[in-house]
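Peer 1: after the sequence you'll find the predicted model.
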Amino acid sequence: MFIIIRHRAHRRFLVNTNCTILLLLHYIRRKVRLHKKETIDLCDEKTRTMKFLFLKNLRDYANKFLTARRTYYVCKVKRSKPVALRKQCDALEKKRLKILRIRQMKEVLAIDSFVNVSKES
């Protein structure tokens, strides 16, 4: 099973997916002339989704995650520093807590209005 890899200005090549993810990513890095330590991933041209191959078990076969005869783009993955990641997590947690507080307030208001209606009856 083969896939098409596109990179740079309209350059592309075929890749056999009947190999481990580790071997596939190493071959693609070499083919597009990236450093061995650069983290890359593939993005599906049709669905525009990243495959997150670098997070999978590198000993799994690539054909489990990639569809034959599809075109994929090479994406360079830039990891943020732990401090920036911590800030993002804190901001997301604050938003989550705010949403929870709003939901709780709506529940309290709904209960209060129900109690007021039942007292008037």
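Peer 2: Done, it's in.
Peer 1: okay, Asn116: pLDDT?
Peer 2: pLDDT recorded at Asn116 is 63.
Peer 1: which stretches in the chain count as helices?
Peer 2: 21-31, 82-120 (DSSP state H).
Peer 1: show me the shaky parts of the chain.
Peer 2: Applying pLDDT under 70 to the chain flags residues 80, 82, 111-121.
Peer 1: the same query, at a cut-off of 90, please.
Peer 2: Across the chain, residues meeting the criterion (pLDDT under 90) sit at 1, 7-10, 35-38, 45-57, 76-97, 99-121.
Peer 1: export stretch 76-91 to CSV, keeping only CA atoms.
Peer 2: Listed next in CSV are the C-alpha coordinates belonging to stretch 76-91 (Å, rounded to 0.1, in the frame of the first residue of the first chain):
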residue,chain,number,x,y,z
LYS,A,76,6.8,20.2,11.0
VAL,A,77,5.7,20.0,14.7
LYS,A,78,7.0,22.7,17.0
ARG,A,79,6.7,21.9,20.6
SER,A,80,6.2,24.8,23.0
LYS,A,81,8.2,25.3,26.1
PRO,A,82,6.8,23.8,29.3
VAL,A,83,6.2,27.2,30.7
ALA,A,84,4.0,28.2,27.7
LEU,A,85,2.2,24.9,28.0
ARG,A,86,1.6,25.5,31.7
LYS,A,87,0.1,28.9,30.9
GLN,A,88,-2.2,27.4,28.3
CYS,A,89,-3.4,24.7,30.7
ASP,A,90,-4.0,27.3,33.4
ALA,A,91,-6.1,29.5,31.0
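Peer 1: contacts for it, please.
Peer 2: 34, 38-41, 54 (CB atoms under 8 Å, 6 or more residues apart in numbering). Quick note: C-beta positions are derived from backbone N, CA and C, even for glycine.
Peer 1: re the thing from before, could you single out the most deeply buried of the helices of the chain?
Peer 2: Among the helices of the chain, the stretch with the highest mean neighbour count (mean count of other CB atoms under 10 Å) is helix 21-31, at a mean of 17.
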